[in-house]
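1. below is the sequence, then the predicted model.
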Amino acid sequence: MARTFRRFVQIPVALVFIGVFFAFTVPLQAEEQSYAPSSVREEILKKLQDEIKAKKDESAALEEKIGVMKKSIERKRVEGLSLKNQITIIDERLEAVRLDIQSTQLEIETVELELKQLRLEIDEATKKIDRHKEILSELIRTIQRESDRNYLELLLSNNNFSDFFGAVRYLEEVYGDIGAQARQLRIARTELEEQEKNVLEKETSLKELRESLGEKEQKLRGQKDYKENLLDETKQNEETFQGMLADLRQQYQAVENEIQTIERQIRSKLEGNDKFEQGGDVVFSWPTPSNHITAYFHDPEYPFRHVFEHAGVDIRSGQGTAIRAAASGYVARAKRCSESWCYSYVMIVHGDGLSTVYGHLSQVSVNEDQFIGRGDLIGYSGGTPGTAGAGPFVTGPHLHFEIRLNGIPVNPLNYLL
């Protein structure tokens, strides 16, 4: 009985609540209108949208140019390897990278404009949300204050109970509207914040892409230096170039045969040796301080792919950088060269049928027929044209690194930690 009485004495206060609700919801609607985009804001947003569209159109035009350039490079690549062709391909690759960088810069600028536009919208939405929260909070505080009035006094002043029941139903609708508006405001803010987060992530990825393209330009700049060195060595003579190419092909085949033969001999020799790891997975670490790749395994852009596939990865390493064993093993070959045309390298045999090759070394610090541990110094990087052990047709200082499984080259990036 007491609970029923309390419920009924609370009903009259609903009429007060309804008046309070209207007192606040009307300003709420007016508030929404006051935060509607002004002519100045509309002008700013329109300008941003126009700039974004212009950037995207310019970027699309650049992408079309890049596509044409890449097709031209591909056509020249399959035409055959001539001195003129090789130089043209290098020049066109440089130009394609420049266009790539311009395109990426435009994408970054576009994202920055989109981010600016989004922040304007978020700022306006935040002001509106904060104001709505303030209005709803005041409404709830007012309702709470009215709830604390003398219920018996309100009950006695009411004419009939039917007014109470109608007020209760309407009050339920009032609370429902309040909750719905609050939920909508929360959803709107969450969606805007999520959009900003996505744009920021996109901006970060584009900046990283620009950095990678900058590194690629450095790589191609090295190839441009190589082109100049090539022109100097060949005296721009096609016959001389073809002769050097034949020497490269012969040297590559000789090294390949040597590696395969020696590995078979060493594995037979080490069979049953307790110091040689035969069980468990072999763990490979990077042999250089840097892990920046300038040419990939079976790289489709490798300049001499018509002569042989690129059997490893080229890792950027300044001339004279310390090179360390990627895993513990047995030094099967340590070839030293004093001439620039000769290719110096170290081959290490590991367990599980795996071996590693380290090429273009300017200095070799290990000897054949010795065991070494992972991380041990094996030599110093080379690859600068004209330096000892660099080999023919080098594009600049780097380490050529191979991993082989049962004598067959495999992608080192599938094994390196």
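-> Sure, I can see it.
2. what comes up buried for the one helix or strand residue 399 maps to?
-> Taking DSSP states H and E as the criterion, residue 399 maps to strand 398-405. Of all the residues in strand 398-405, those buried under the rule 16 or more other Cβ atoms under 10 Å are 398, 399, 400, 401, 402, 403, 404. Glycine gets a C-beta too; all of them are placed from N, C-alpha and C.
3. what's the local residue count around the nearest residue to the last one once chain neighbours are set aside?
-> In space, and not counting its chain neighbours, residue 404 is closest to residue 355: 4.7 Å by Cβ to Cβ, 6 or more residues apart in numbering. For residue 355, the count of nearby residues is 27 (other Cβ atoms under 10 Å).
4. and residue 53, by the same measure?
-> 12.
5. returning to what we had before: my read is that the residue nearest to residue 404 contacts residue 347, right?
-> Yes: under the criterion of Cβ atoms under 8 Å, residue 355 makes contact with residue 347 at 6.2 Å.
6. overlap of the contact sets of these two?
-> 263, 332 (Cβ atoms under 8 Å, 6 or more residues apart in numbering).
7. could you measure from residue 74 over to residue 47?
-> Going from residue 74 to residue 47 by Cβ to Cβ, to the nearest Å gives 41 Å.
8. what of residue 193?
-> 24 Å.
9. could you pull out the strands for the chain?
-> With strands called from DSSP state E, the chain shows them at 293-295, 313-316, 322-324, 329-335, 345-349, 354-359, 361-364, 371-372, 377-381, 398-405, 408-410.
10. could those strands go into CSV alongside mean pLDDT and distance to residue 246?
-> Formatted as CSV, those follow (pLDDT from 0 to 100; distance: least, Cβ to Cβ, whole Å):
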stretch, mean pLDDT, distance to residue 246
strand 293-295, 88, 22
strand 313-316, 94, 23
strand 322-324, 98, 30
strand 329-335, 96, 21
strand 345-349, 97, 21
strand 354-359, 97, 20
strand 361-364, 96, 24
strand 371-372, 94, 36
strand 377-381, 97, 27
strand 398-405, 97, 21
strand 408-410, 96, 23
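11. and of those, who's closest to residue 61?
-> For the strands of the chain, the distance to residue 61 is smallest for strand 293-295, at 29.5 Å, taking Cβ to Cβ.
12. show me the shaky parts of the stretch 1-150 of the chain.
-> Low-confidence segments of the stretch 1-150 of the chain (pLDDT under 70): 1-38, 136, 139-150.
13. contacting residues around the nearest residue to residue 49 once chain neighbours are set aside?
-> Closest residue in space to residue 49, ignoring its immediate chain neighbours: residue 117 at 7.2 Å, by Cβ to Cβ, 6+ apart. Shown in contact with residue 117 (Cβ under 8 Å, 6+ apart): 45, 48, 49, 52.
14. how many neighbours does the second one have?
-> Neighbouring residues of residue 48 were enumerated by other Cβ under 10 Å; the total is 16.
15. does it touch residue 118 like I think?
-> No: using Cβ under 8 Å, residue 48 is not in contact with residue 118, being 9.8 Å away.
16. distance check, the residue nearest to residue 49 against residue 43.
-> 13 Å.
17. for the residue nearest to residue 404, give me its contacts.
-> When contacts are counted by Cβ under 8 Å, 6+ apart, residue 355 touches 263, 329, 332, 347, 348, 349, 403, 404, 407.
18. one more: residue 107?
-> 55, 59, 206.
19. and stretch 223-234, how far out from the chain's middle?
-> 33 Å (Cα atoms, centre = their mean, to the nearest Å).
20. apologies, that question was intended for stretch 227-236.
-> 37 Å.
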